[in-house]
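A.B. asks: Below are the sequence and a predicted model for it; my questions follow.
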Amino acid sequence: MAAFRFAFLLQLAQDEREEASRAMQSAQAAWLLAKSKLEQVDGFRTEYRARLANSAQTGISVTQWRDFQLFLAKLDAAAIQQGDEVSRLELEYERRKTDWLACEKKVKAFDALRVRHEQNEMRKENQREQKILDEFNSRIKPDTSSF
């Protein structure tokens, strides 16, 4: 059986796919972590607003009100910044996913060539075996022309 001449390229494509897979998984993990942090900041903001509303009902000083407002502004800024980070990491994940899909497509193409090669080699082997059997059978048959 003849060797698959693109075996080296298939192996390279598989290696690239594995590396792309690791990069995609890493990007996905970073994106999900950033989303989790954004949810935490949003939770803090909601909790702090509730505390402000509760404190406002019971009465707070102007200084306390200003401090609440300043802290809420910082939480809002942190939420915006974290939202931007989530968006950036989502784009990075999508880019890595696209890279992985391209690698997967390349592996499938080389693998299809390998399967076609193996089928072709098997067909050739079957033809060789059939030829040998035919030659063997033609030698075994008695010569009936002499009767």
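C.D. replies: Yep, that arrived.
A.B. asks: mind listing what the residue nearest to Trp31 when sequence neighbours are not counted touches?
C.D. replies: In space, and not counting its chain neighbours, Trp31 is closest to Leu89: 4.0 Å by CB to CB, 6 or more residues apart in numbering. C-beta here means a position set from N, CA and C on the backbone, and glycine is covered the same way. Counting by CB atoms under 8 Å, 6 or more residues apart in numbering, Leu89 touches Ala27, Ala30, Trp31, Ala34.
A.B. asks: Arg17: which element?
C.D. replies: Assessed by DSSP states H and E, Arg17 sits inside helix 7-58.
A.B. asks: hey, which helix is longest across this protein?
C.D. replies: Counting by DSSP state H, the longest helix found in the chain is helix 62-140.
A.B. asks: And the contacts of stretch 51-71?
C.D. replies: Contacts for stretch 51-71 (CB under 8 Å, 6+ apart): Tyr48, Leu72.
A.B. asks: same deal with stretch 114-124?
C.D. replies: So stretch 114-124 is contacted by Met1, Ala2, Phe4, Arg5, Phe6, Ala7, Leu10 (CB under 8 Å, 6+ apart).
A.B. asks: And the average pLDDT for the helix holding Arg17 is what?
C.D. replies: Helix 7-58 shows a mean pLDDT of 95.
A.B. asks: Likewise for stretch 122-142?
C.D. replies: 88.
A.B. asks: just the CA coordinates of it, formatted as CSV?
C.D. replies: Extracted in CSV, the C-alpha atoms of stretch 122-142 (Å, rounded to 0.1, in the frame of the first residue of the first chain):
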residue,chain,number,x,y,z
MET,A,122,-7.8,-0.8,-1.3
ARG,A,123,-9.4,-1.0,-4.8
LYS,A,124,-6.0,-1.5,-6.3
GLU,A,125,-5.2,-4.2,-3.8
ASN,A,126,-8.4,-5.9,-4.5
GLN,A,127,-7.7,-5.7,-8.3
ARG,A,128,-4.3,-7.3,-7.8
GLU,A,129,-5.7,-10.1,-5.7
GLN,A,130,-8.4,-10.7,-8.3
LYS,A,131,-5.8,-10.8,-11.0
ILE,A,132,-3.8,-13.4,-9.0
LEU,A,133,-6.9,-15.5,-8.4
ASP,A,134,-7.8,-15.3,-12.1
GLU,A,135,-4.3,-16.4,-13.1
PHE,A,136,-4.4,-19.2,-10.5
ASN,A,137,-7.8,-20.4,-11.7
SER,A,138,-6.8,-20.4,-15.3
ARG,A,139,-3.8,-22.6,-14.5
ILE,A,140,-5.9,-25.1,-12.5
LYS,A,141,-8.7,-25.6,-15.1
PRO,A,142,-8.1,-28.7,-17.2
